[in-house]
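# output the structure for:
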Amino acid sequence: MKATKSVLALLTAAFLVFSFLPGSSSGVRSVLAESNSQGRRISADLEEAISNSPDGVVRVIVDTKSSANSTAYSHLMGRIGDLGGIVFRSLNSGKTAAVEIPASAISDLADDNAVKYISLDRNTQVTGHLETTTGAALVRNYGTTSTGTIDGHGIGIAILDSGVYSAHHSFNTGRVVASVDFTGEGRTDDPYGHGTHVASIAAGNNHVAFGTYTGIAPAAKIINVRVLNSQGSGSMSNAIAGIDWCIANKAAYNIRVLNLSFGATAVDSYVNDPLCQAVRRAFNAGMVVCVSAGNTGKDVSANKVFGAIHSPGIEPSAITVGAANTFGTDSRSDDAVASYSSRGPTRGYYTDSLGVKHYDNLVKPDLIAPGNKIIECESPNNRLLAETPSLNANVSVLPYHNMMYLSGTSMAAPAVAGAAALLIQRNPNLTPNLVKAILQYTAKPLSGFSNFEQGAGELNVEGGVRLAGRIRTDLVGRTLGDPLLSGAAPTQTTTIAGYSFSWGGGFLQKWNFVYGSNLILKYQAVYGTGVLLSDGVLLSDGVLLSDGVLLSDGVLLSDGVLLSDGVLLSDGVLLSDGVLLSDGVLLSNGVLLSDGVLLSDSYFAASLAPGAQSTLAQSAMSGDLTGAMLPTPDPDPLH
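Here you go, the predicted model:
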């Protein structure tokens, strides 16, 4: 008995200490006190929602102790109104109420003697594999009274691709707000079938199969910028014209994110490459630009190939995205880098006056995201499906409900584009550099894969949105070392489908990885405009040092880039033509695509023999032949 009393005393003391810790909110203290003194009146997931977004609005179910239409019940309804809540549905013969109320008022409401229990009004709709495994399904209630539900509404995502079949019900309610063609074909639909699939990954809604195929930002505005023709090809000039159009029309459609799931030959250094320069113009205009890394990560014998990132993925300001294979499971425990996903370093170069080539050799990609055998929207009678009928997921007999499989970094990039839209919705003042830093900092590094294969790790939407909500909104005028957060630092772990993991805690520089909690505790000069996130280090005798101007003290620099077998690439050492990486794979300078030709990444190296091209293209479109997302037929085809 004495031991029991001692334990209780310790627990009580610990709770009292916690309740007065700096940064702990009174709302959370009251919730915990209520849970301890009178039994848990508030559900655990509601407590978590309050903690993650204390200034937000939550939908809850309030169960009362009183009988129907009693004075106590009437009093409680009035109390809900006084606290800023709205009763939008009466349940259980008037004994239970569905309420929308500020999260900060929940603890006061729970103190009312008429309340029996308050739980989150949980979403009973089926959540799709894509929004579940990325963590996007977890963030819908992370908003505030000003942002509302975190679903991308109000944010414009420009899809520069082969067009969008806007009549698909995954885009209904008029979310394709603009369509423009730069191919010369005079149409903005999607006869090739690539752009529609890409758009639905970024922003498809929950209409079909009760949400099985929900995209990352299901309420975002879609701007359809057609730069690939009916055969899935185009030109760099098409893409540049499309990017320039987005810059000119940014304000009209609130275009904050661009997605480019295509590539051209990475020949020139990013300093001279005209497509990279167009991406930089969009970046300088305040837009996040997400691009696919390419699908040349292996040769026809399935050997790994390094140095095959295509343009504009070689551009430092872009978020270059490789493909992850989720094996169709929501948990992250079995995820891997897809075999075909292009690996770094970047191999654009310039030639000096002596004829010597100088390669960029930047660490790319920046992130990976699910890209293997993804089921999303199908454009009717499209060319990809006609050539490979097995891509049809056979979800519906109706064209505006049907879905298809596609694989590639083309599918991974729009997942990151959707995530960027969610971050910006949660904190509209984020710069493109901060969006990139947050997504990398919160990513999940996969064991057994190098930075050249996965960048900073796999996309974690839950962590990214939660961190974005903690970052101060008055970023203009911030200087190096200023406090970056508006409150306490978030817990740097995320749980998805029962699997918990730690965030990577850093981001990529040009040739290495920087890390440390000061990256989110203090404002870094590389988060501003007019600078690149990859800036901020000096090279001195082969050792990378913080320069004290762009990065604050306490930011740590890794010793080099980790290769797949655990060997470090020496700091600042550039890879020359034909040099062997530590796993014996030759880094070559071979031309990947014919110069100036723009292709969706369902296509491969034009320098390969036709048979090899066909083999690799089929491999990319069909994905790694592993476990994968399974189709769910649409049970309500007339809806």
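# dump the residue contacts of residue 311.
The neighbours of residue 311, taking C-beta atoms under 8 Å, 6 or more residues apart in numbering as the test, are 263, 264, 265, 266, 267, 268, 270, 273, 275, 276, 348. C-beta here means a position set from N, CA and C on the backbone, and glycine is covered the same way.
# now do the phi/psi pair for it.
phi -80, psi 140 (degrees, to the nearest 10).
# so what sits opposite it in the bridge?
Residue 311 has these beta-bridge partners by DSSP bridges: residue 264.
# so how far is residue 509 from it?
The gap separating residue 311 from residue 509 is 21 Å, by C-beta to C-beta, to the nearest Å.
# can you check residue 364 too?
The separation that residue 364 has from residue 509, given C-beta to C-beta, amounts to 12 Å.
# which of the two has more neighbours?
Applying other C-beta atoms under 10 Å to residue 364 and residue 509 shows that residue 364 carries more neighbours, namely 30 against 23.
# quick one: residues contacting the more buried one.
Residue 364 neighbours (C-beta under 8 Å, 6+ apart): 293, 309, 313, 314, 320, 344, 345, 346, 452, 455.
# can you tell me the SS state at the residue nearest to it when sequence neighbours are not counted?
Distances taken as C-beta to C-beta, 6 or more residues apart in numbering place residue 344 nearest to residue 364, at 4.1 Å, with adjacent residues excluded. With DSSP: H, G, I helix; E, B strand; the rest coil as the basis, residue 344 sits in coil.
# so residue 344 touches residue 307, yeah?
Yes. Using C-beta atoms under 8 Å, residue 344 makes contact with residue 307 at a distance of 6.9 Å.
# neighbour count: those two, which is higher?
Comparing residue 344 with residue 307 by other C-beta under 10 Å, the one with more neighbours is residue 344, at 30 against 27.
# how about CSV for the contacts of residue 364, with pLDDT added?
As requested, the contacts of residue 364 are exported to CSV (pLDDT from 0 to 100):
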residue, pLDDT
293, 94
309, 93
313, 96
314, 95
320, 98
344, 92
345, 92
346, 93
452, 93
455, 96
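# so which of those residues belong to strands?
In strands, defined here by DSSP state E, the members of those are residue 320.
# stretch 258-276: how far from the chain's middle?
Put simply, stretch 258-276 sits 21 Å off its chain's centre (C-alpha atoms, centre = their mean, to the nearest Å).
# same deal with stretch 232-252?
22 Å.
# begin at 31 from now on, thanks
Sure thing, new numbering starts at 31, so read that last one as stretch 262-282.
# okay, now the unreliable bits of this structure?
Applying pLDDT under 70 to the chain picks out residues 31-70, 96-100, 152-157, 566-578, 587-649, 666-669.
# wait, residue 340 sits on residue 327?
No. Using C-beta under 8 Å, residue 340 makes no contact with residue 327, being 11.3 Å away.
# give me the more crowded residue out of the two.
residue 340 (29 against 24).
# now the nearest residue in space to that one that is not next to it in sequence: how far from residue 528?
Distances taken as C-beta to C-beta, 6+ apart place residue 293 nearest to residue 340, at 3.2 Å, with adjacent residues excluded. Computed with C-beta to C-beta, the distance linking residue 293 and residue 528 is 36 Å.
# again with residue 436
28 Å.
# and the two? Which one has more around it.
Neighbours were counted for residue 436 and for residue 528 using other C-beta under 10 Å; residue 436 has more, 30 against 8.
# mind telling me what element the nearest residue to the more buried one once chain neighbours are set aside is part of?
Using C-beta to C-beta, 6+ apart and skipping residues adjacent in sequence, the residue nearest residue 436 is residue 227, 5.0 Å away. Using DSSP states H and E, residue 227 maps to helix 225-233.
# okay, that helix in CSV with CA atoms only?
Provided in CSV are the C-alpha atoms of helix 225-233 (Å, rounded to 0.1, in the frame of the first residue of the first chain):
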residue,chain,number,x,y,z
GLY,A,225,-1.6,14.1,-67.4
THR,A,226,-5.0,13.0,-66.1
HIS,A,227,-3.4,10.3,-64.0
VAL,A,228,-0.8,12.8,-62.7
ALA,A,229,-3.4,15.4,-61.9
SER,A,230,-5.5,13.0,-59.8
ILE,A,231,-2.5,11.9,-57.7
ALA,A,232,-2.0,15.6,-56.8
ALA,A,233,-5.6,16.6,-56.4
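# which residues in the stretch 81-230 of the chain form strands?
Assigned by DSSP state E, counting those that start in this stretch, the stretch 81-230 of the chain shows strands spanning 87-94, 116-121, 126-132, 145-150, 186-191, 206-211.
# do the stretch 231-380 of the chain as well
Counting by DSSP E, counting those that start in this stretch, the strands of the stretch 231-380 of the chain are 251-256, 263-265, 285-290, 292-293, 318-322, 349-355, 366-367, 379-381.
# most packed of those?
Most buried of those, by mean neighbour count (mean count of other C-beta atoms under 10 Å): strand 292-293, with a mean of 33.
# quick one: list the elements packing against it.
When contacts are defined as 3 or more C-beta pairs under 8 Å, 6 or more residues apart in numbering; DSSP states H and E, strand 292-293 packs onto strand 318-322, strand 627-630.
# before we move on, the earlier item: now list whatever residues contact both of residue 340 and residue 327.
residue 372.
# leaving out sequence neighbours, find the closest residue to residue 484.
With C-beta to C-beta, 6+ apart, the residue lying closest to residue 484 is residue 398, at 4.8 Å.
# any idea what the one you found is bridged to?
With DSSP bridges as the rule, residue 398 is bridged to residue 352, residue 488.
# just checking, it touches residue 490?
No. Contact status for residue 398 versus residue 490: not in contact, 11.1 Å apart, counting by C-beta under 8 Å.
# so which of these two has more stuff around it?
Neighbours per residue (other C-beta under 10 Å) separate residue 398 from residue 490, with residue 398 holding more: 33 against 29.
# please tell me how far the more buried one sits from residue 487.
Distance from residue 398 to residue 487, by C-beta to C-beta: 7 Å.
# give the residues shared as contacts by the two.
In contact with both residue 398 and residue 487: residue 476, using C-beta under 8 Å, 6+ apart.
# in the stretch 431-580 of the chain, which spans are strands?
433-436, 523-526, 529-532, 536-538, 543-545, 567-570, 573-576.
# and the third one, what does it pack onto?
In this case it means strand 529-532. strand 523-526.
# residues near residue 477, how many?
5.
# ok, residue 429 next?
14.
# next up, the contacts around the residue lying closest to it once chain neighbours are set aside.
Excluding the flanking residues, the one nearest residue 429 by C-beta to C-beta, 6+ apart is residue 410, at 4.1 Å. Neighbouring residues of residue 410 by C-beta under 8 Å, 6+ apart: 195, 429, 432.
# check residue 472 too.
Residue 472 touches 490, 493, 494, 496, 497, 522, 524, 533, 534, counting by C-beta under 8 Å, 6+ apart.
# right, I'll leave it there.
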